[in-house]
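Peer 1: pasting a predicted model and its sequence here:
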Amino acid sequence: MSIKQIWMIVGPVLLLAFFIWAVRDFGKFNAKRERVFREGLRGEGTIVGVADGLARRGYDREVVLTLDVALPGRPVFRAEARVFAGQVKARELVAGARLPVLVDPVDGSRVVVDPATGLATSDLSLPR
């Protein structure tokens, strides 16, 4: 059997295995994402840093926010959240500004800006 014949057999099997893994992993990611929006602990994030992200959605650009997050009865901690904002809204995202946030009750490192602010949360804001 030649190398080419082996790859013709192994290649599709590897591709199928990757596809199955990717679909299962994406399902887990969506479940975690939905948990934050459904069961997230409400708190307040104070912006301490702002950076441009790489993604774009229409005319909106991704903005990476470094936040000091305060939850009732817990010490303040630092976290990162990513949002999409248009040019006008992005100018409002400056150090010292306060935003309502949702924190995953299972994994406190998963923080998103509350969608009620009008900012679209980037899918990249939640670590897998």
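Peer 2: Noted; the coordinates are in hand.
Peer 1: straight-line length of stretch 65-82, end to end?
Peer 2: 6 Å (Cα to Cα, to the nearest Å).
Peer 1: now that stretch: mean pLDDT?
Peer 2: Stretch 65-82 shows an average pLDDT of 92 in the prediction.
Peer 1: what's next to that stretch, contact-wise?
Peer 2: 41-51, 53, 62-64, 83, 93, 99, 101, 103, 108-109, 111-113, 121-122, 124-125 (Cβ atoms under 8 Å, 6 or more residues apart in numbering). For glycine as for every other residue, the C-beta is placed from the backbone atoms N, C-alpha and C.
Peer 1: ok, and for that stretch, which residues are buried?
Peer 2: 65, 66, 67, 69, 71, 79, 81, 82 (16 or more other Cβ atoms under 10 Å).
Peer 1: of all the residues you listed, which two lie farthest apart?
Peer 2: The most widely separated members of the buried residues of stretch 65-82, counting by Cβ to Cβ, are 71 and 82 (19.7 Å).
Peer 1: just give me how far the helix or strand hosting residue 8 sits from the chain centre.
Peer 2: When elements are assigned from DSSP states H and E, residue 8 belongs to helix 3-39. Its chain's average C-alpha position is 19 Å from that of helix 3-39, according to Cα atoms, centre = their mean, to the nearest Å.
Peer 1: report the buried residues of that helix.
Peer 2: Neighbour-count burial for helix 3-39 flags 32, 33, 35, 36 (criterion: 16+ other Cβ under 10 Å).
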